[in-house]
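[1] Next comes the sequence, and after it the predicted model I'd like to discuss.
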Amino acid sequence: MSSNKVMRYSLLGLVALNISIMLVYAFGLPEFVENPQHKGPRNKIIKQLNFDEKQVEAYDELIHQHQHQIQDLHRKVVDAKKELYKQLNRPNLGVEEEWLEILGNLHQEIDEVNFRHFEDIRKLCRKDQLDAFRALSGELTRLFGKPPHRKRK
């Protein structure tokens with residue numbers, strides 16, 4: 001193969017790779033790609049609460065439902081922020097208050113969905129697991145809180 005063809009194929013491969021990365025960045029990872037960030041808390045909760053097989057199945061379903069609810073709400077937050085920031089280029093001041101209120105309501109709804117999710121986890125527990133759940137409830141912020149941003153050097 002001539003070096004010209006190798007260069008063309010290499011360039012085509014790099015362009016395809018670039019487009020793929022941009023699509024993942026714009027639309028997120030496909031659902032079939034597991035999110036390793038959530039594996040840790042999932043497994044820790046299963047272990048700490050000593051869930052049996054039936055409870056694990058029910059818990060996985062709760063996780064699935066919760067993730068869909070949160071993803072939907074996060075999309076709404078992004079859309080509301082876009083609208084809020086559009087107000088910077090408009091002379092009609094005062095409209096931004098509406099968008100700030102919408103954003104506040106969406107964040108409150110996210111917190112409510114998260115709280116209900118943990119209530120549902122508690123409902124999965126048997127009586128002998130409730131003490132472990134109480135201990136776990138003190139760790140929820142640490143387990144599920146976003147890690148602080150690393151400082152750039």
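    Received, thanks.
[2] and Ser20, what element?
    Assigned by DSSP states H and E, Ser20 falls within helix 3-27.
[3] what's the single longest helix in the protein?
    Secondary structure of the chain per DSSP state H: the longest helix is helix 53-86.
[4] Run a quick check on Glu96 versus Gln87, I expect a contact.
    Yes: if you go by Cβ atoms under 8 Å, Glu96 and Gln87 touch, sitting 4.5 Å apart. (Glycine included, C-beta is placed from N, CA and C.)
[5] What distance do you get for Lys47 to Asp131?
    15 Å (Cβ to Cβ, to the nearest Å).
[6] Also Glu61?
    Relative to Asp131, Glu61 is positioned 24 Å away (criterion: Cβ to Cβ).
[7] Repeat that for Glu139.
    For Glu139 relative to Asp131 (Cβ to Cβ), the value is 14 Å.
[8] list the buried ones in the helix or strand bottoming out on mean pLDDT in the chain?
    Ranked by mean pLDDT, DSSP states H and E, the weakest helix or strand in the chain is helix 3-27, scoring a mean of 74. When neighbours are counted by 16 or more other Cβ atoms under 10 Å, no buried residue of helix 3-27 is found.
[9] how far is it from where the chain is centred?
    28 Å (Cα atoms, centre = their mean, to the nearest Å).
[10] before we move on, what about stretch 114-129?
    How far stretch 114-129 lies from its chain's middle: 20 Å, per Cα atoms, centre = their mean.
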